[in-house]
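1. coords please:
(chains A and B)
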Amino acid sequence: MTGDGDLTTARSTGTPPPAEARPEAPAPDGARQNGATAPGTEQDYRATLNLPREAIPMRANLAQREPEIQALWERLDVYRRSLNRAAPRGPFILHDGPPYSNGDIHMGHALNKILKDFITRHRTMAGFYSPYVPGWDNHGLPIEYEVTKEFRTRGETPSKLALRQRCRKFARRWVEVQKREFQRLGVRGEWDNPYLTMDHTFEAKIVEVFAELVKRGFVYHGLKPVYWCPSDETALAEAEIEYTPKVSPSIYVLFPLRHDPKGIFPAQGPNYTVAWTTTPWTIPANLALAFHPDVDYVVVRAEEACYLLAEPLVEATMHAAGIADWDLLSRHKGAEIEGTDFWHPLRGVDPVYDRPSPAVLASYVTVETGTGVVHTAPGHGEEDFRTGLAYGLRTLSPVDDQGRFTAEAGPFAGLHVFHQGNDAVNAALQRQGALLGAVTPYEHQYPHCWRCHGAIVFRATNQWFMKIDHNGFRQRALKAIQGVRWHPAESINRITAMVAGRPDWCLSRQRSWGVGIPAFYCESCGEVILTEESLAAAHRLVREWGSDAWFAVPAEEILPRGFQCPHCGGTRFTKETDILDVWFDSGATWAGVLEEREGLHFPAEVYLEGSDQHRGWFNSSLMLALAVRDQPPYQTVITNGWMLDETGRAMHKSWGNAISPEEVVKQHGADVLRLWVSSADYFEDVRLGPQILQRVTDAYRRIRNTFRFLLGNLYDFDPATDAVSDAELPELDRWALHRLALLLERGNVAYETFEFHRLYHAVHTFCAVDLSAFYLDVIKDRLYTSVPDSRARRSAQTVLWRITDHLARLLAPILVFTCEEVWSRFEPGPGQRWESIHLAPMPDAHTQWRDDALGERWDTLLSVRDAVNRVLEEAKAAGIVERPLAAVVTLTAPLDLYERLAPYADELATLFIVSQALLRQGPAGSELTVEATPAGGRRCDRCWLTLPSVGARSEHPALCERCAEAVMELARR
RNA sequence: CGGCGUGUAGAUCAAUGGUAGAGCGUCCCCUUUAUCAGGGGUUGAUCCCGGUUCGAAUCCGGGCGCGCCGACCA
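-> Below is the predicted model of the structure:
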């Protein structure tokens, strides 16, 4: 350190950097040619600089370039070869949840598939064996519905097999479409051999899982209400129901008190409770009366009788009954009424009605219409059914396929519920004195059949169920959930709630497009046949011929010759016509895919789906795997949030706020879409809109241009011969590697924890702040003005080369196309000649580059640089200096800071990108002060610094000494 | 209506209960040697109301908004 405490730097003047001891490096053509021409004009000197050369175009033109790169991968068979690499860390199986094959993909699909792709690509590069087998869910109502509509518009009624054939074709078509769409997003996987739930082998697997479920005692046959069209004699799905106005007879029905343990009613009656209904035909099926636990109910006396009903509805009810005066006797919470008992209102009409109708509690009871007392018929309503289950009521449904009462309805047997049933029931009630007021026509929205438009009924039918509480299964499931890793952690609450509260799984559907439930019925005794032998026979059939055969082959031909009914010895059988719920199909993918495919295994490391799948696939897969294999099919479950638009509302095609992946790919390219995926915290709902896309496009360009600059300065750099060893690098260059090492560390952690947005932000900041705004800006002078093969330039290039190499590989799972493009223009080092970047390994953390002490020293320098920049800005605004390069800055620093800066005194001008920097020691305890003044001397025509040494060499009067030396050196070659 | 989440600058993301940060964008300036680029400066936020605490973006309670799942329309 100099004695007067005053260091002056005119930046690295005089001494030309030592040329590296290497033979004849190929000098850049331009420099060589022009270095020899006579100096004089700026134009000439420009040609003596080592300016960057375009390696990749600034405009990405991804829409065109990406498909070309895609074709390259296919030629190189990159997917398969990536799997053939050594995988020291073992297998890592991400199991694909199958999307439904019935339309173009939407942004939710794109989000999900791209996230999966990030994971499998990263794990592959990180040394895992991580194949990706995409799949599709093919069976199910949405397709059957579409296909049925097609037939219907042509006025045709297809056979079951014809319908199934069309469905299969329909599904196959969309599989192909979606496959192309996913591939266009850069999603990599076994596209030429995906799994389809309609494949014969898969269908057979479904039967196998079902058989095992039966064997383990989980399956039972029971009643459950479904929508039923009495004229078409078929069950209907939610989607096949149209709500249209209908006029129904509404009645107030009196239920006489039977038993009053709580003392709700007065001693002298008669006492009743009142229920309102618009479906009198369901009264024969009444088994209970539902009260809301928190609603206030009152007993009122009017015209010699007492009535119990909800307080807010007394007035309206009395009015409807034509009663003008009443007295309020008592008030009770609904919860109190539970346990009270009433008689069926038709008691006395027929012995079948000689039964009680107990008061039960249900939270769905409202006080908007009626009496607050809900007539409950478990056989005729979903909610009533659940209440029935909770209270142990039977599921009574005395209505046949044609909508006529059965013998269970007593005197009404044979009457059609709508045509005569309502009237007959009303008349009977009337005779019993069980009506309060008159029958009143009531118009409301009522479900109708989508085919015949007739009114439908809700009717209990035989269904197949999986018993969730079988042998403590629910508790086992809840425990198993604890053993799975959930991302985000909160999602465990959801799956837990779903499993804790889910009712038995209704496995059957009265449809055609699916896997037939492999049950037989004995024609003689009518019993269900589900034996190991019968199941095996069905399995054999489906495995060989697919599930179509189940519908085509007669029962006797499926069953082994001589098969006899185990109950009665009968030999004639019919087949179950119901199919399995499609959730059963996808819930069995662990069996049909993980256990079947070479290279995969059960359980998978990861499932990753949208948050709706807690009820769906996560749930169904868990149920089946746990029931049949005693463990969950996944070790880790990741959920991605929902797609929202820019304002935070869900994307809906019908709302017009949806953005299709195709649009984005066309306009911006798949890499921009992928970058967007990486930028969002997808554990939460994610937003997408024009502004967000613009931001991502900007970020993409920043990253791309960084690569462009890096590659642009490596045109004459051969890593095998030109690289400078780490130890020989100047401190600034080591700082850059230190920052790179930190980035790699953070990036790797982000990948491991599936938090890609942390990687995105780290990379972007690295490119924008560390590189663009500082390191690259500072080393431009070195890169451009030094002799091409000088140590100074080669040092910088070594760092640029390493950054390119590592950054490209770090980003390869995200920007799959762009990184490939970068790699194609990159001169790899020894042992790095991968044909595709996607065959390269993830870069290591490179801890040897990390130097925290160095990092801290440079934090100081960088904060001083910020101070300098602020002063330069002021000086510029005040007209004191024109631009930084024409300025001299003078720093006056207190001792401690001064001592930290002094070792860098010679470099400050370079770091600040000014012509000169002076460092002075200020009084102790003072603040750093910075002063900017115009630089004296002339501007060098070549490096644009304003330096005293300009004109020092008579051969080049317009150049500073350093540039003159460089030019002369070039001329000598 | 219920369950589970969620709410930080314009948008995307950070902040063991301890000074609310980052880059991007906006606006202004510089640059023509990354130029359909690059540099510098500037601007701006904890949904609302209570509570616990010396101290709350963070913990608790209540609202409001948004999302997913489910229920409802007798």
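
2. So in terms of bridging, what pairs with A:Leu254?
-> Note on A:Leu254: beta-bridge partners by DSSP bridges are A:Val274.

3. That one touches A:Val274, doesn't it?
-> Yes. Between A:Leu254 and A:Val274 there is a contact at 6.0 Å, judged by Cβ atoms under 8 Å. The C-beta positions use only the backbone N, C-alpha and C, and glycine is treated the same way.

4. Comparing the two, which residue is more hemmed in?
-> A:Val274 (26 against 22; other Cβ atoms under 10 Å).

5. which residue is nearest the middle of chain A?
-> By Cα atoms, centre = their mean, chain A has its centre lying nearest to A:Asn640, at 3.3 Å.

6. ok, A:Trp276 - contacts?
-> By Cβ atoms under 8 Å, 6 or more residues apart in numbering, the contact list for A:Trp276 reads A:250-253, A:317, A:369-371, A:373, A:375.

7. Could you grab the helix/strand/coil label for it?
-> Under DSSP: H, G, I helix; E, B strand; the rest coil, the three-state class of A:Trp276 is strand.

8. cool, A:Leu541 as well?
-> When classified by three-state DSSP, A:Leu541 comes out as helix.

9. Am I right that A:Arg739 is in a helix?
-> Yes. Assessed by three-state DSSP, A:Arg739 belongs to a helix.

10. I'd say it and A:Val763 touch.
-> No. Using Cβ under 8 Å, A:Arg739 makes no contact with A:Val763, being 11.7 Å away.

11. between those two, who's got more neighbours?
-> Ranked by neighbour count (other Cβ under 10 Å), A:Arg739 and A:Val763 place A:Val763 first, with 25 against 22.

12. Just the element for that one, please.
-> In the assignment (DSSP states H and E), A:Val763 maps to helix A:756-765.

13. what does that helix rub up against?
-> Outside helix A:756-765, the residues within contact range by Cβ under 8 Å, 6+ apart are A:115, A:118, A:675, A:677-682, A:699, A:702-703, A:743, A:746-747, A:749-751, A:807, A:810-811, A:814.

14. Among the residues you listed, name the ones in strands.
-> Using DSSP state E, no member of these falls in strands.

15. and RNA strand B, which of those reach it?
-> Residues of those in contact with RNA strand B (Cβ under 7 Å from any atom of the strand): A:679-682, A:699, A:702.

16. Buried only: go through the residues you listed for me.
-> By neighbour count, with 16 or more other Cβ atoms under 10 Å, those hold A:679-680, A:682, A:699 as buried.

17. Which of those sits closest to RNA strand B?
-> A:Ala680 (3.2 Å; Cβ to the nearest atom of the strand).

18. so who does the closest residue to that closest one other than its chain neighbours touch?
-> Leaving aside its chain neighbours, A:Ala680 sits nearest to A:Val686 (4.2 Å; criterion: Cβ to Cβ, 6 or more residues apart in numbering). By Cβ under 8 Å, 6+ apart, A:Val686 lies in contact with A:111, A:640-644, A:680.

19. Then A:Ile143?
-> With contact set as Cβ under 8 Å, 6+ apart, A:Ile143 has these partners: A:101-102, A:167, A:170-171, A:513.

20. filter the residues you listed down to the ones near RNA strand B?
-> Among the contacts of A:Ile143, RNA strand B is touched by none when using Cβ under 7 Å from any atom of the strand.

21. Out of those residues, which is nearest to RNA strand B?
-> Distance ranking of those against RNA strand B, using Cβ to the nearest atom of the strand, places A:Asn102 first at 16.2 Å.

22. and the closest one, backbone torsions?
-> Torsion angles at A:Asn102 (phi, psi; degrees, to the nearest 10) stand at phi -140, psi 30.

23. How about A:Leu289?
-> phi -130, psi 130.

24. A:Pro356 is in contact with that one, correct?
-> No. At 10.1 Å, A:Leu289 does not count as touching A:Pro356 under the criterion of Cβ under 8 Å.

25. between those two, who's got more neighbours?
-> Comparing A:Leu289 with A:Pro356 by neighbour count (other Cβ under 10 Å), the higher total belongs to A:Leu289, at 26 against 15.

26. and that one, what is it in contact with?
-> A:Leu289 makes contacts with A:255, A:273, A:275, A:342, A:357-360, A:373-376, as judged by Cβ under 8 Å, 6+ apart.

27. Next: A:Asp733.
-> Residues near A:Asp733 by Cβ under 8 Å, 6+ apart: A:779, A:795-796, A:798-799.

28. let's see it at 7 Å
-> The contact partners of A:Asp733, by Cβ atoms under 7 Å, 6 or more residues apart in numbering, come to A:795-796, A:799.

29. which of those residues has the most neighbours?
-> Ranked by neighbour count (other Cβ under 10 Å), the contacts of A:Asp733 have A:Ala796 at the top, with 28 neighbours.

30. So that one, which state does it fall into?
-> Assignment for A:Ala796 (three-state DSSP): helix.

31. the helices in the stretch 601-750 of chain A, which residues?
-> Listed in chain order, the helices of the stretch 601-750 of chain A (DSSP state H, counting those that start in this stretch) span residues A:617-629, A:661-667, A:670-679, A:690-712, A:719-722, A:731-752.

32. that older thread, with the contacts of A:Leu289 in mind, which one is nearest to A:Leu622?
-> Using Cβ to Cβ, A:Val360 is the member of the contacts of A:Leu289 that sits closest to A:Leu622, with 31.7 Å.

33. The helix or strand where the closest one lies and RNA strand B, any residue contact?
-> Using DSSP H and E, A:Val360 maps to strand A:356-361. No. Counting by Cβ under 7 Å from any atom of the strand, RNA strand B has no neighbours in strand A:356-361; the shortest distance is 11.9 Å.

34. Counting by contacts, list what that strand packs against.
-> strand A:288-291, helix A:334-337, strand A:341-343 (3 or more Cβ pairs under 7 Å, 6 or more residues apart in numbering; DSSP states H and E).

35. again, 10 Å this time
-> Here strand A:356-361 touches strand A:241-259, strand A:271-277, strand A:288-291, helix A:334-337, strand A:341-343, strand A:373-376, helix A:382-391, going by 3 or more Cβ pairs under 10 Å, 6 or more residues apart in numbering; DSSP states H and E.

36. Return the most buried member of those.
-> Highest mean neighbour count of these: strand A:373-376, a mean of 28 (counted as mean count of other Cβ atoms under 10 Å).

37. check contacts around A:Arg833.
-> The contact partners of A:Arg833, by Cβ atoms under 10 Å, 6 or more residues apart in numbering, come to A:827, A:839-840.

38. Name the member of the residues you listed that has the highest neighbour count.
-> A:Ala840 leads these on contacts (other Cβ under 10 Å) with 21 neighbours.

39. Noted, bye for now.
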